[in-house]
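Novice: give me coordinates for this.
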Amino acid sequence: MDMKLILKKAPEIILIISVLFYWTETSLLFNPIAIILLAFLLLTLITGNKILKYITSITLGIISIYLVFAVLSEYREFENGDFEGIKMLVIGLAIFLTSLSLSIIMAISNQARK
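Specialist: I've put the predicted structure just below:
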């Protein structure tokens, strides 16, 4: 593989790695959410279908926005200045804002290839 192809497919590859990380962290062998996300990302990566890429990027974007709000909601349940709450906020926002950014990059890169 040449470097240009790898860079073009970088958002999908990074998202696949993050879904695999999520799947291992849940400690569930049968995790339907992870299986569906992984299937969509792998199909997008392998086929390069533009419609599938849009559907995948929009779905991941919506899920990421929802999870950002979920992290913010959970943070409000901690006392102000609690180290565990701040740690959860920083790590959660970093993961889900990165996922949101990658889904936006996926949609934009799909638009640029027309």
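Novice: in whichever helix or strand residue 51 is part of, what counts as buried?
Specialist: In this assignment (DSSP states H and E), residue 51 forms part of helix 50-76. Using 16 or more other C-beta atoms under 10 Å as the test for burial, helix 50-76 gives 52, 53, 56, 57, 60, 61, 63, 64, 67, 68, 71, 75. All C-beta atoms are positioned from the backbone trio N, CA, C, and that covers glycine.
Novice: may I have the phi/psi pair for the most centrally placed residue in the chain?
Specialist: Centroid check for the chain by C-alpha atoms, centre = their mean gives residue 99 as the closest residue, at 3.6 Å. Taking degrees, to the nearest 10, you get phi -60, psi -40 for the backbone angles of residue 99.
Novice: from residue 47, how far out is it?
Specialist: 22 Å (C-beta to C-beta, to the nearest Å).
Novice: go on, residue 64?
Specialist: 23 Å.
Novice: check which helix or strand covers the residue lying closest to residue 49 once chain neighbours are set aside.
Specialist: Of all residues not flanking residue 49 in the chain, residue 43 sits nearest, at 7.3 Å (C-beta to C-beta, 6 or more residues apart in numbering). Element membership for residue 43, per DSSP H and E: helix 32-47.
Novice: and the angle from that helix to helix 50-76?
Specialist: On the basis of axes from the mean of the first three to the mean of the last three C-alpha atoms, to 10 degrees, helix 32-47 is oriented at 140 degrees to helix 50-76.
Novice: could you list every helix and strand in contact with helix 32-47?
Specialist: When contacts are defined as 3 or more C-beta pairs under 8 Å, 6 or more residues apart in numbering; DSSP states H and E, helix 32-47 packs onto helix 10-26, helix 50-76.
Novice: redo the ones you listed as a markdown table? Include mean pLDDT and distance to residue 111.
Specialist: Compiled in a markdown table, those are given as follows (pLDDT from 0 to 100; distance: least, C-beta to C-beta, whole Å):
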| stretch | mean pLDDT | distance to residue 111 |
| --- | --- | --- |
| helix 10-26 | 88 | 13 |
| helix 50-76 | 91 | 9 |
